[in-house]
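> following is a predicted model, sequence given first.
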Amino acid sequence: MNHPRKFPTWLSTLALNSALATVATASMMTTGIIPAVQAALEESPKTVVDEVWQIVNNEFVGIGAEFDPEDWQATRQDLLAQNYSSSQDAYTAIRKALKGLNDPYTRFLDPGEYAQLTNQTSGELSGVGLQLTVDEETSALEVIRPIPDSPAAAAGIEAGDRILRINDRPTSLMDVEDAVKLLGGEEGSTVRLQLVRPSQGLYEVELVRAQIEVPVLHYALHEESDLQIGYMRLDEFSSHAAEQMSTAIEELESQGIDGFVLDLRGNPGGLLFASVDIARMWLETGDIVRTVDRRGGDRQYSANRTSITDSPLVVLIDGYSASASEILAGALKDNNRATLVGSRTYGKGTVQSVHQLSDDSGLAVTISRYFPPSGININKHGIAPDVVYDLSREQYRLLRTNPSLQGTDRDPQYQRAIATLQEQLLGRVIVPALPEPITLNSDR
């Protein structure tokens, strides 16, 4: 089976490689260091080098060959024997040493990467609060919507407005990622936007950046053939994901929905406890996931009779659904709580812990393997959908570059999910009028 080689953006790649992380505080691990060596490490790049070595020595779980403590001890001697003229020299040596572990998810993060990761998993950022897309016909940078209570919302920016300039820089050749970088910045700083609205023409605003809780869950009530369907798309498992999921389920249930479609496509993962908390919203009883560390110690996470809905559920997955997404999908599938529709998931069956180091860099280290209730090893294998429905290359690219089309009649996998729900609710086979799917093997 083929797997995705990379995510469409660097940020998504970082999210995958550190997905399913439990963020830990910095830990100065000096066990076994004699005083003379400790003194030599103080106030030098070697401090961070040895912090990394200590964390790996105490926590690392190999996913290929077994971890060899003697080899790793020899690595420490080599690392401390080197002279580092700068932090960058130390970072290079650290990355080289970690590469020898043959684990793509154990990785060093420089201070910028570590800050970006912690912002992402916290579900908060400093910015103006705009969700953007690029119009497929005009290539214009368009506002999907302002985040409620954000500086953009307070300034009256509306969905459909087009951004022409950011701080006097034209947006005509920008993609969404470039624009997001320009809009973000230090809390309290300002950014100037020139926009156009069809009913109003050109206008300009100056926004003061603020700390914003980023919505990772997007949801709406869809009427599909006289059925009321609650559609929810979860982008990642941040620290606010469970709270947002609970709110969405309760709000949609209050509107008399007949069933749910939960979209995990493209979701690279996030926090372990977020996936467990969300699984408990859907499961009244049953196991969710079991983790096993390198000493053989295991921990079982299970439902605790706190579910908030028993409505029928279909979950959309694809080759970019990874880590925490696979925990949730596996738990719902193995407990017969949901039908999975789409493509086989990525196949990341390990848990990472993220440590802050003394110079504000970070280390993501694999600390355990995890197994769904079935007990199968999904690492590098993924989870197979109950209903296989792959996209053609053209369909995939259209949906990835235009997120607003996901969960609409332009989305073949969503239409297949709706047909599956209709079959369950109406008791008859529904054949949606969809284009013939083409297996997307070469892109995965």
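The structure has been received and is ready for your questions. Numbering: from 1, shown residues only.
> where along the stretch 1-150 of the chain do the strands fall?
With DSSP state E, counting those that start in this stretch as the definition, the stretch 1-150 of the chain shows strands at residue ranges 21-24, 107-109, 124-127, 130-134, 141-146.
> among those strands, which comes closest to Val388?
Val388 sits nearest to strand 130-134 of all those, at 28.9 Å, using Cβ to Cβ. C-betas here are computed from N, CA, C, even on glycine.
> which secondary structure elements does the closest one contact?
strand 141-146, helix 176-183 (3 or more Cβ pairs under 8 Å, 6 or more residues apart in numbering; DSSP states H and E).
> ok so, going back, any idea which of the strands of the stretch 1-150 of the chain is most buried?
strand 107-109 (a mean of 23; mean count of other Cβ atoms under 10 Å).
> so which elements touch that strand?
By 3+ Cβ pairs under 8 Å, 6+ apart, strand 107-109 packs against helix 87-99, strand 362-371.
> now what about the longest one, what contacts it?
Translated: helix 87-99. Applying Cβ atoms under 8 Å, 6 or more residues apart in numbering, the contact partners of helix 87-99 are 45-46, 48-49, 52-53, 56, 75, 78-79, 82, 84, 106-108, 110, 359, 361.
> ok, back up a step: quick one, which of the helices and strands packed on strand 107-109 is packed in tightest?
strand 362-371 (a mean of 24).
> and the angle from that strand to helix 87-99?
Put simply, strand 362-371 runs at 20 degrees to helix 87-99, going by axes from the mean of the first three to the mean of the last three Cα atoms, to 10 degrees.
> still on that earlier bit, in TSV: the strands of the stretch 1-150 of the chain, plus distance to Asn379 and mean pLDDT.
Below are those laid out as TSV (distance: least, Cβ to Cβ, whole Å; pLDDT from 0 to 100):
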stretch	distance to Asn379	mean pLDDT
strand 21-24	16	31
strand 107-109	17	96
strand 124-127	31	84
strand 130-134	33	86
strand 141-146	35	89
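> between the ones you listed, which one is nearest to Val354?
Among the strands of the stretch 1-150 of the chain, strand 21-24 comes nearest to Val354, with 4.6 Å by Cβ to Cβ.
> excluding chain neighbours, what is closest to Gln300?
Arg290 (5.0 Å; Cβ to Cβ, 6 or more residues apart in numbering).
> please save the CA atoms from the host helix or strand of the one you found in CSV.
Arg290 belongs to strand 287-292 when assigned by DSSP states H and E. Listed in CSV are the C-alpha atoms of strand 287-292, where the atom choice follows Å, rounded to 0.1, in the frame of the first residue of the first chain:
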residue,chain,number,x,y,z
ASP,A,287,-12.5,0.7,24.3
ILE,A,288,-11.0,3.7,22.4
VAL,A,289,-7.2,3.1,22.2
ARG,A,290,-4.4,1.3,24.0
THR,A,291,-0.9,2.7,24.3
VAL,A,292,2.3,0.6,25.0
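> note down every partner strand of it and its orientation.
strand 298-302 (antiparallel), strand 362-371 (antiparallel) (DSSP bridges).
> dump those strands into CSV; add distance to Val191 and mean pLDDT as well.
Listed next are the strands paired with strand 287-292 as CSV, based on distance: least, Cβ to Cβ, whole Å; pLDDT from 0 to 100:
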stretch, distance to Val191, mean pLDDT
strand 298-302, 42, 97
strand 362-371, 28, 97
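> Leu101 is nearest to which of those?
strand 362-371 (8.5 Å).
> next SSE after that closest one?
Moving toward the C-terminus from strand 362-371, the next helix or strand (DSSP H and E) is strand 387-388.
> hmm, back to that, so which of the strands of the stretch 1-150 of the chain comes closest to Leu164?
strand 141-146 (8.0 Å).
> for the stretch 101-250 of the chain, just list every one of the helices.
111-122, 151-154, 176-183, 241-254 (DSSP state H, counting those that start in this stretch).
> do you know how far Ala152 is from Ile144?
Per Cβ to Cβ, to the nearest Å, Ala152 is found 11 Å from Ile144.
> re earlier: distance to Arg416 added to the helices and strands packed on strand 130-134, as a markdown table?
Below are these laid out as a markdown table (distance: least, Cβ to Cβ, whole Å):
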| stretch | distance to Arg416 |
| --- | --- |
| strand 141-146 | 24 |
| helix 176-183 | 27 |
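> right, and those - which one's nearest Leu101?
Among the helices and strands packed on strand 130-134, the nearest to Leu101 by Cβ to Cβ is helix 176-183 (30.2 Å).
> mind checking how far the closest one is from the chain centre?
Chain-centre distance of helix 176-183: 19 Å, with Cα atoms, centre = their mean, to the nearest Å.
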